[in-house]
Every structure is written in C-alpha cells, then in structure tokens.
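Peer 1: Okay, here's the prediction I keep looking at, along with the sequence it came from:
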Amino acid sequence: MASPTETPATTPPPAEEFDPLVFWVQHKQKVVAITALLIVAAAVYFASEFLHTQKLSASARALASATDEASLRKVAAEYPGTVVAGDAQLLLAAELRKAGKLDEAVTTLRAFIDKNPAHPLISGALTSLAATQELQGKIDEALSTYQRVSTSYSTSFSAPVALLGQARIFKQKNKPEDARRIFDQVINQFPDTLFSSQASRENQQLKK
C-alpha cells in the first residue's frame, strides 16, 4: 500500500510516430532548396570534369602536331600549368639547343624548372640544363647541376646520365680519381645496364 506522502507514478505518453507527410509539409521548402543545391553542385562538377578532359585531349593533340619552335611556344602559352605545356617547353629547349641557341635554351629550361617543380620530367629538365651549360663551356655550373640530379633524383632515369656527365667533366678537369669514383658508382648503382657498360669501358681507358 502506497505511503500517503508518495506521489503516484505517471505513465509516459506514447512515442509520437514519424509521419513523412507531416514532415514534408513542415520542411518542404528546406528539402527543395537542399535538393536544388545538390543538383547544381553535381552539374557543376561533371561540367568541370568534362571541360578538363576536353582540355587535356586538345593539349595532347596540339603537342603531337607541334614540330618547330613557333608551334611549341604556342602550346606552352595556350595550356599553362599543364603537363603538356611543360613537355612543350622541354621539346622547345631541345630544338633551341640543336639550333645553337644555347642561351635561349637555358632560359627556357630554367623557366620550366621554376614553374614545374613536380613535373614527372623535372630530373630530365635539370639534366638537359646541365648538358646545355656544358656546351656553353660553363663547366662548374654544369657539374653542380649534374650533382643536383644525382643527389635529389638518385632513382630517376636521369641519375646515371647525370653521373656520367660528372665523370666526363672530372676527366676534362684532369681529375681521373674523381672520374673513376663516379664510374664505380654507376657500375654499382646501375648494374646490368648500358650505363654500367659505358662506365666500365671508360674506367678501363682511365686505368690505361
């Protein structure tokens, strides 16, 4: 029997069931607005992706048809910030070097290196710069650039080329011991390659 001071227990009201119709009436404006925003966002995303794909395709076609200095400059100017524009600059530098325009080639390569530090061919650009500096007779600058490649991009396709470039410069400087050290590095680091074979031949000639 309950004590006179106790308050009788109250039964909680039954849980109100979710009524989608009521929810729609109460919140339909918000739902419509959010749905519209999602549709617009999706449309913008897919349009952006489509335009990006179209731009990549157009830039690739333009690079494929570029065969001289003027057309390569045009590709680099029309598609700035793309991998294709960087490729065009590298090809342009090669054309300039072949034409004996060494200063222009160096300027083009330096611009590429400064603007495209993450380009997949950055080590190749630095190696090309070093080779051009070597042709200019700037041996110390070329050696420094080759060393940058072999140190910072030691696993890249350009690394053995840069090492052989260093050895070649050491030979020019009449430093055969340094040249032999570099040739040994190529042999040990890149065994069973054409670079290793070349280094072995050069080493044998030095020993003679």
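Peer 2: Ah, there it is. If you're wondering where the values come from, they're calculated on a predicted model, not measured in any experiment.

Peer 1: D68: neighbouring residues, count only.
Peer 2: 10 (other CB atoms under 10 Å). Backbone N, C-alpha and C define where each C-beta goes, glycine included.

Peer 1: Now it: closest residue in space that isn't a chain neighbour?
Peer 2: Excluding the flanking residues, the one nearest D68 by CB to CB, 6 or more residues apart in numbering is E95, at 7.1 Å.

Peer 1: For that neighbour, the count of nearby residues, please.
Peer 2: By other CB under 10 Å, 19 other residues sit near E95.

Peer 1: for this protein, which spans come out with low pLDDT?
Peer 2: 1-67 (pLDDT under 70).

Peer 1: can you give me the helices for it?
Peer 2: Counting by DSSP state H, the chain has helices at residues 20-65, 69-78, 83-98, 102-115, 122-135, 139-152, 159-172, 176-189, 194-207.

Peer 1: so what does the third one touch, helix or strand wise?
Peer 2: Applying 3 or more CB pairs under 8 Å, 6 or more residues apart in numbering; DSSP states H and E, one finds that helix 83-98 makes contact with helix 20-65, helix 69-78, helix 102-115, helix 122-135.

Peer 1: what residues are up against A77?
Peer 2: By CB atoms under 8 Å, 6 or more residues apart in numbering, the contact list for A77 reads A85.

Peer 1: From A70, how far out is it?
Peer 2: 11 Å (CB to CB, to the nearest Å).

Peer 1: before we move on, what about A105?
Peer 2: 16 Å.

Peer 1: need the contact list for the nearest residue to K171 once chain neighbours are set aside.
Peer 2: If the residues on either side of it in the chain are set aside, K171 comes closest to A179, at 4.9 Å by CB to CB, 6+ apart. For A179, the contacting residues are A167, R168, F170, K171, E202, L206, by CB under 8 Å, 6+ apart.

Peer 1: how does it look with 10 Å?
Peer 2: 164, 166-173, 199, 202-203, 206 (CB atoms under 10 Å, 6 or more residues apart in numbering).
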